[in-house]
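> Sequence isn't available, so here's the structure alone:
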């Protein structure tokens, strides 16, 4: 029983620690309220957990640091349809998202980047940032920004019924700007 309580407390402490050092923008996975019914059920959700760099699913343990040697902790694990998105910390600028397939109980290809978002409980609708680029789930580049050295892509948000994406760029002087871009039809 103590282990079940400890994991959320440790996760909360990690979130607070990372947000205090400028990592808060990377902890905002969002799904839409109209999630489809094909997602993991509550009983299945309880069958996974994580600790350090080890992801536990059913009776199996997976050390995600073996997937990428820079991974030093798991920040979150979120069910998305028949997948689980495992967000891993690697450093101050980008992270690694390990996508776990619950049907095959194996990992899909990892995503390197930040600000991964999706909608409709469908991971293939995902978009994310990587340095100065916006990518689709399959890695295709939607847009590249000519960012100043003191600027970062801070946040992504779907808008206009998932047809567009708001890209928020933050600067060291605490100012922000938002660019709205059209999404490819397969991301809608």
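That came through, no problem. All figures in this text were calculated on a predicted structure; none of them were measured in a lab.
> quick one, helices of this protein?
Secondary structure of the chain (DSSP state H): helices located at 2-20, 42-45.
> What distance do you get for residue 152 to residue 133?
From residue 152 across to residue 133, the span is 12 Å (CB to CB, to the nearest Å). Where you see a C-beta, it was placed from the backbone N, CA and C, and this is true even at glycine.
> Tell me the spatial nearest neighbour of the residue positioned nearest the centre of the chain, not counting adjacent residues.
Note on the chain: the residue nearest the mean C-alpha position is residue 116, at 4.0 Å, using CA atoms, centre = their mean. Setting aside the residues directly before and after it, residue 116 is nearest to residue 128 in space (CB to CB, 6 or more residues apart in numbering), at 4.2 Å.
> beta partners for residue 56?
residue 49, residue 61 (DSSP bridges).
> How about residue 129?
On the basis of DSSP bridges, residue 129 is bridged to residue 114, residue 134.
> Residue 146: what's its closest spatial neighbour, skipping adjacent residues?
Nearest non-adjacent residue to residue 146, counting by CB to CB, 6+ apart: residue 132, 7.2 Å away.
> Next, that neighbour: phi, psi?
phi -110, psi 20 (degrees, to the nearest 10).
> Count the residues that sit near it.
Counted by other CB atoms under 10 Å, the residues lying close to residue 132 total 14.
> What's the separation between it and residue 143?
Counting by CB to CB, the gap from residue 132 to residue 143 is 9 Å.
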